[in-house]
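J.: here's a sequence, model it:
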Amino acid sequence: MSGAWRHPWEGEGWRWAAPRLPDPNSSRACGLGPSLSHQGRGDVEAIRQMPSHSGLITVMDRAARRAAPKLRRDFNEVQHLQVSRKGPADFVSAADQATEQTLYEELKKARPDWGFLGEEGGTRAGDPAKPRWIVDPIDGTSNFLHGIPHFAISIAVEEPRPDGRGEVTQGLVYQPLTDESFWAEKGRGAWLQDKRLRVSARRELTEALVATGIPFAGHGDFAEWTRIFAAIGPEVAGIRRFGSAALDLAWVAAGRFDAYWESDLKPWDVAAGLLLVKEAGGFVTDYRGSDRPMDRNEFLAANDGLHSKLHKLVAQALRKERPKAE
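T.: Just a heads-up that it's a prediction; the model follows:
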């Protein structure tokens, strides 16, 4: 396709693609198959390190991949998409709606009695005693609509608890242009396809690359963000704003970013990403240090060493008196 987006690593006659998730029912994923005596040492070690995941991760991955081809086609023809406005600087495209519908249909096939919370369609009721899906069909819609190749599908499973609070137990963030599937399950770690993820080991702020989201028209607290930025900026190696909270958190889990802060987000923006960070060994709190960041809609994520240092900076920034109006 003339003018179609090409990954920067894509060369003539060759296209990079990440390995797919192993099927948990396959003999290789189960550590079975050909006799180990007929395999090399490397193959044996690979089988030992093969991730074990539930069928839910397979369901989520397949749903995301089912939606991805049309999403890629729409991205390459984004100028022709129908776009409408949901609110100030808040847009929805036909691609968002079509992707969410595909995800809904695929996930409903697998778990017909589960509820569904989607960015575009809102809440679709299910059995209240069963889990529900939390889905963002395109996290990074503004990037998508501007032809910026940085957006993702985010899917999470929220389990009901006796106290009425839901708990996210599975999460997947899929980048359809790079074919990267970041996934996590409570107690089973975080993974990029079949590679175990760990948060960054950096301990010094001067070495840390920190991600954030910046307030914009109708969204966020400019004064609060400015105070936090003024506190963190002079202490770190760099600050990045890439426009997708789901990928920001996935990249913290993968050690690409060392930390992340943002507020005024929705559950579908962060549900999967927060679990990724936790299962990769990171810490996620609100700006006050509580481990229930969704309650205050404030998110600070990093490894243990950097988190404590960043939390001190954020707390000091929030204690500063707001400038008085003239």
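J.: rest of the way, CA atoms for contacts and neighbours
T.: OK.
J.: and the strands in the stretch 201-326 of the chain, which stretches?
T.: 209-212, 238-240, 259-263, 283-285, 298-302 (DSSP state E, counting those that start in this stretch).
J.: which of those strands sits closest to residue 228?
T.: strand 259-263 (9.2 Å; C-alpha to C-alpha).
J.: between strand 298-302 and the closest one, find me the angle.
T.: Taking axes from the mean of the first three to the mean of the last three C-alpha atoms, to 10 degrees, one finds strand 259-263 and strand 298-302 inclined to each other by 180 degrees.
J.: partner strands of strand 259-263, parallel or antiparallel?
T.: Taking DSSP bridges as the criterion, strand 259-263 sits next to strand 209-212 (parallel), strand 298-302 (antiparallel) in its sheet.
J.: so for residue 302, what's the pLDDT?
T.: Residue 302 carries a pLDDT value of 98.
J.: what's the spacing between it and residue 70?
T.: In this structure, residue 302 lies at 34 Å from residue 70, with C-alpha to C-alpha, to the nearest Å as the measure.
J.: the two: which is more packed in?
T.: The neighbour comparison of residue 302 against residue 70 (other C-alpha atoms under 10 Å) goes to residue 302, with 33 against 14.
J.: quick one: buried residues of the lengthiest helix in the chain?
T.: Within the chain, and with DSSP state H defining each element, the longest helix by residue count is helix 55-76. Neighbour-count burial for helix 55-76, counted by 16 or more other C-alpha atoms under 10 Å, picks out 56-58, 60-65, 67-68, 71-72, 74-76.
J.: picking that back up, for residue 110, find the nearest of the strands paired with strand 259-263.
T.: When the strands paired with strand 259-263 are compared for distance to residue 110 using C-alpha to C-alpha, the nearest one is strand 298-302, at 31.6 Å.
J.: quick one: contacts of that closest one?
T.: Counting contacts by C-alpha atoms under 8 Å, 6 or more residues apart in numbering, the residues outside strand 298-302 that touch it are 199, 249, 252, 258-265, 277, 282-287, 293, 307, 311.
J.: ok, and the closest non-adjacent residue to the residue nearest the centre of the chain?
T.: For the chain, the residue lying nearest the average C-alpha position, counting by C-alpha atoms, centre = their mean, turns out to be residue 246 (2.8 Å). Distances taken as C-alpha to C-alpha, 6 or more residues apart in numbering put residue 273 closest to residue 246, at 5.2 Å, once the chain neighbours are dropped.
J.: what do you get for residue 83?
T.: residue 93 (4.3 Å).
J.: isn't the one you found up against residue 81?
T.: Yes. Using C-alpha atoms under 8 Å, residue 93 makes contact with residue 81 at a distance of 6.6 Å.
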